[in-house]
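Student: Structure here, sequence nowhere to be found:
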């Protein structure tokens, strides 16, 4: 479905309001009132057999009677009447309907059935549905106010931000906050239950609009992972940042989110990772989202992560530097010539370090501010600036003038933090196109989003410029011949499949009897490991099913007997398929876990974590959607809290990270090729040392 | 120094302004202007030989000429004239001076010398100094506006919050933000360089004022750790919460903080731990501090950590529930009778789960709001409530009326979140004494502070009610006979000292020759461990200096020779003191690290962490000021991210946490007894299993 298919929905030339009330303050009267008040330029048709006129417009008994085929019907009927109304819309050839009514999938079984009926009626009649259980939308450019949201009761100025929200009430609040800040929303769309038209589809349409520079989204649950990925890719191609807030990060919250939206949410950490992978920015709440949107809509992209801070409070500088360090930004030590230049303009009691404290004296000596910011931004290690000030109500106009000078002087992006600011100062700075935020920590958070987005853009450009084909764009993966049976795959088959796909796994032989095991050991090389093999035994250590460091044929034959006896003792009913013989891996190095998991939203995702307590207790793992390139695999490793273990620690050399990254890439390509048959893959442990990386065991499950 | 000594500073009956300018808009004119404008009721004496009148007041040539001994001199002279002026104040018997001037310790060597001269002159003359390099203070109750801060340019209404700040500029911004929110500051004090009067001393005075209910502080660097602990203890005794923001949490920030304040900051995590230990609340930035202050000043203390959420947006409820879970609050499942009661009042499409989504329909049916909040708060698992709503500008007065009803109906504390609220609604709710915040996540953060404070109060009450003496209040620790020599203590002495103090450490014997080692092993019991002993070898494994699991005399004698030879090979110049013989500890269990560190601000702090990568790579450790009680030791363990390792994992039984807690308590008491001679103690590892906890090695350093 191309996004251009939504033109008639969001830019309708004629609208019918089905069920319009003559009482314009009621829910079913408000959309018409808003459309009239905001000066909707198209044709409007109230539909209600009870009236002949509504709000001075001729009122029609039904859509069948209209003199033209409208683009959009706003359905403001009770839930029980909606399905029939949509059937009528289908007969009249109306392509889109916004359905406000609640009482569908968000309620009990009856509502879910009604939603299925609605969808069936819509499909049969060729009507596409926004909603039900939604507040509708505002297209501020074309003055289409197809909503009863409180947001439309105030001014709805157009602007470069397109905002799409799955929640009506929270979305309304966010839109109102944007308005308070002076952020113009070109679009405000609430998708509600998403029986048909979903968040990714609407957002794709919105970001295609050349008047939109930034997409902002509020998400509660997502079913269309591929749609989100395609959206993020398109946004990146267009050079338009996407900033998303998604609730439902944890247990109690997710419990409520599941009941609230009816969507099956995948693991939140996967959502988070996929956004990062595809260059979208995640905000943890509404204020952080608007901060990021403000900065992304106002600032050029910085060329790196070096933050220069100029402040009139040393403490505020420290606060921001701390936050920057937490978020992985650099707060570089200034170059000697930068410090010399600063010392020439700032008084002797100020500190020519980053953060630069220019004190409150800049009001008497404006060059303190203008020159300091210019000098700091010119430092080669500084890529983006934050300027912090407070109050100064009496001097607001002068300060705005100074920032106008600064804006015209500097070429790198900067953000102003003005705490307890005069409203006029904020407004004037915004009119100059300067992002101005309310506090130091939020500003650093937003700048971190800007830096992350700029980094994703640079990576994309580099990838496109590179002649090396990307995995995603490269030749189709080799077809895999996966076993037909569902469930656990036997070890030898799994290992063969993986090795065939270029995943380094220690070779194995399956041996049906003791002598075969000894022969296999001889072929593989000494010493070896023996493990019991059975489709009924997933965790071999639980049945005493492993023998390590066997150094000769006699030991192998003895071990075979022991393993079979132990398995028969622990699991008398287990089907035994002999043993697996494998070379004994050298000791040392670091144990990792690498795997594939099937996310209900995004499909197969590749996972890496540090073995042992870090993964078991701290869940210190990183995810990505398959496939990943080597750079992305390195970024996964960098996300691990225990990443330092891969470097030189405890007198041990650094491990071969490149080999580990290649292993992750190979697993992710295997995942791509094994879609949709693979349910789970677990390489545990993967041993990585200074010489390379190899999986010592593999557990594979098909669906 | 009792806090009442500051009465004449903060409530002066007569004030001299030394260096007062007749130009009232200048820095040295503003304090007089503010004092006059705000109606300071005491007597005012401008001092300046250049004038005969200033602002309509008689101006005096010097303090020596004044008709009375003033309580306070506000010194608005250039830095170079301050020392002489303070000498003159001393001769005139003026007990307090506020010194605004910069050019002291915050600048270079010359400034530091000037600050020492100032302090000497003040001490000689009996003048106590607030500042230098400060903005002064406002005592809003007595209308003392001894400041040139911008904060005094607007209204400075009195209120129940006392705010003390080390930073002038940032403090001014915070005070202005408090005013914007309608939080009245009874005191606003900037302590500047703290050459004499420090943050803890001022705050102690402020919280003694019966009109103050909450202390708020902004800290950049602290030298007087004992003063802070005493302050926190007094605040707890008075039942007045302390909320502190401290910057300088990390590297880049700390670098700037050190240069900015000149104070030697101890490790920030120790500061954090000490606040927690003593029931003070730490806020990470200015907005979070004001949120917490607002809630603590308005709400009764909850009896537990169960949070009930009532919202008109399901998504906002999820967001808040997630945040609550992150912060360790409970979002309990509601009791069946609570759900039944809710179902009787909320419409069928709302969710009778916590968070409770009442939708926007409560405007039509007010009972939806009032009854839902009452019912949720009556649930026995719910101890505090958050009610989330948005916009509703047209209905603001009605909503305020509903909350007035709720306030009169419920007995448990609750907080309102009103996003994009009408100003009048916010103001009216505040006038009702209801805390109202701007967003869901900030509200949860503030409620977590309220819950933490309530928990600290309950613990304190329980401790006071209990007949068991607390370590801090109990009998003085046994005097320790520490060695006189500085530096590393030999292992046998260290172990004997620790065992004598009740710290469980495996016994050791030092043996000078091979036969003595074998005899010691026989006495200690087999098997044993041998370790080389030398004051020049701190890390024995680096010199191959450990032999494990020795099972007979022959093995011990052989090991003795090997250890000596290895040490002589690796460290030819090391002085060797024979070997340490120790019983071999059983395997299994969990390895911990317990130690004492000497914090420059707070003195000896006890530290616990999980051994291995968790402490080495993730720095997963918890601190407390010595001594700690067993409950506090358990809370330290609960702070560890890897705490789950102490429970039953990997088929192993849970370890004996109580024994580990007792070991921590014993170490902390040892630290108390060893103050101030002990520089460092490191018990690494401490082995804890289901049977108990014991240190296997001890490294002790004296100063």
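Tutor: Thanks, I have the structure now. No experiment lies behind these values; they were computed from the predicted model shown. Numbers count the residues shown, from 1 in each chain, chains lettered A, B, ... in the order given.
Student: average pLDDT for the strand or helix carrying residue A:519?
Tutor: Using DSSP states H and E, residue A:519 maps to helix A:514-524. Here helix A:514-524 scores 95 as its mean pLDDT.
Student: and the angle for whichever helix or strand comes after that helix with helix A:514-524?
Tutor: Heading C-terminal from helix A:514-524, the first helix or strand you meet, by DSSP H and E, is strand A:528-532. Angle of strand A:528-532 versus helix A:514-524, following axes from the mean of the first three to the mean of the last three Cα atoms, to 10 degrees, is 140 degrees.
Student: can you list the residues of the stretch 301-450 of chain A near chain B?
Tutor: A:312-322, A:324-326, A:331, A:348-349, A:351, A:353-355, A:357, A:359-360, A:390-394, A:419-420, A:438-441 (Cβ under 8 Å from any Cβ of the partner chain). Glycine gets a C-beta too; all of them are placed from N, C-alpha and C.
Student: how about 6 Å then?
Tutor: A:312-319, A:321-322, A:325, A:331, A:349, A:351, A:355, A:360, A:390-391, A:419-420, A:439, A:441 (Cβ under 6 Å from any Cβ of the partner chain).
Student: Which of the residues you listed fall in strands?
Tutor: Residues of those located in strands (DSSP state E): A:390, A:419.
Student: before we move on, the earlier item: tell me the buried residues in the helix holding residue A:519?
Tutor: A:514, A:516, A:517, A:518, A:519, A:520, A:521, A:524 (16 or more other Cβ atoms under 10 Å in any protein chain shown).
Student: again, but for stretch A:639-652
Tutor: Applying 16+ other Cβ under 10 Å to stretch A:639-652 flags A:639, A:640, A:641, A:642, A:643, A:645, A:646 as buried.
Student: tell me the SS of the closest residue to the first one other than its chain neighbours?
Tutor: Spelled out, that is residue A:639. In space, and not counting its chain neighbours, residue A:639 is closest to residue A:622: 4.3 Å by Cβ to Cβ, 6 or more residues apart in numbering or on different chains. Assigned with DSSP: H, G, I helix; E, B strand; the rest coil, residue A:622 falls in the strand class.
Student: how about the strands of the stretch 1-150 of chain A, start to end?
Tutor: Along the stretch 1-150 of chain A, counting by DSSP state E, counting those that start in this stretch, strands occupy A:14-18, A:43-47, A:53-54, A:57-58, A:72-75, A:96-99, A:128-130, A:136-139, A:144-147.
Student: same for the second one, what does it pack against?
Tutor: In this structure, strand A:43-47 makes packing contacts with strand A:14-18, judged by 3 or more Cβ pairs under 6 Å, 6 or more residues apart in numbering or on different chains; DSSP states H and E.
Student: contacting residues around the strand it packs on?
Tutor: Residues outside strand A:14-18 that contact it (Cβ atoms under 6 Å, 6 or more residues apart in numbering or on different chains) are A:31-32, A:42-47, A:63, A:68, A:70-75, A:85.
Student: Give me the mean pLDDT for stretch A:430-448.
Tutor: 96.
Student: got the end-to-end distance for that stretch?
Tutor: For stretch A:430-448, the separation between the terminal residues is 20 Å (Cα to Cα, to the nearest Å).
Student: now swap in stretch A:627-647 and tell me
Tutor: Start-to-end, stretch A:627-647 (Cα to Cα) is 25 Å.
Student: roughly how far is it from the heart of the chain?
Tutor: For stretch A:627-647, the separation from the chain centroid amounts to 18 Å (computed by Cα atoms, centre = their mean, to the nearest Å).
Student: Just the pLDDT at residue A:544, thanks.
Tutor: Reported pLDDT for residue A:544: 89.
Student: ok, for it, nearest residue in space, not its chain neighbours?
Tutor: residue A:566 is the one closest to residue A:544 (Cβ to Cβ, 6+ apart), at 4.2 Å.
Student: sorry, back to before: helices - which of the buried residues of stretch A:639-652 land there?
Tutor: For the buried residues of stretch A:639-652, membership in helices holds for residue A:639, with DSSP state H as the criterion.
Student: Geometrically speaking, which residue is the centre of chain A?
Tutor: Closest residue to the average C-alpha location of chain A: residue A:275 at 2.5 Å, with Cα atoms, centre = their mean.
Student: Now that one: which helix or strand?
Tutor: Judged by DSSP H and E, residue A:275 forms part of helix A:268-277.
Student: Next up, phi/psi of the residue nearest to residue A:525 when sequence neighbours are not counted, please.
Tutor: When the adjacent residues along the chain are set aside, residue A:525 lies closest to residue A:583, with 5.5 Å between them (Cβ to Cβ, 6+ apart). For residue A:583, the backbone dihedrals (degrees, to the nearest 10) come out as phi -60, psi 150.
Student: Isn't residue A:583 up against residue A:522?
Tutor: No: counting by Cβ atoms under 6 Å, residue A:583 does not reach residue A:522; the two are 11.4 Å apart.
Student: Tell me the strands beside the host helix or strand of residue A:189, with direction?
Tutor: Per DSSP H and E, residue A:189 falls inside strand A:185-190. Strand pairing for strand A:185-190, using DSSP bridges, gives strand A:136-139 (antiparallel), strand A:161-165 (parallel).
Student: returning to what we had before: where do the contact lists of residue A:583 and residue A:522 overlap?
Tutor: Between them, residue A:583 and residue A:522 share no contacting residue, judged by Cβ under 6 Å, 6+ apart.
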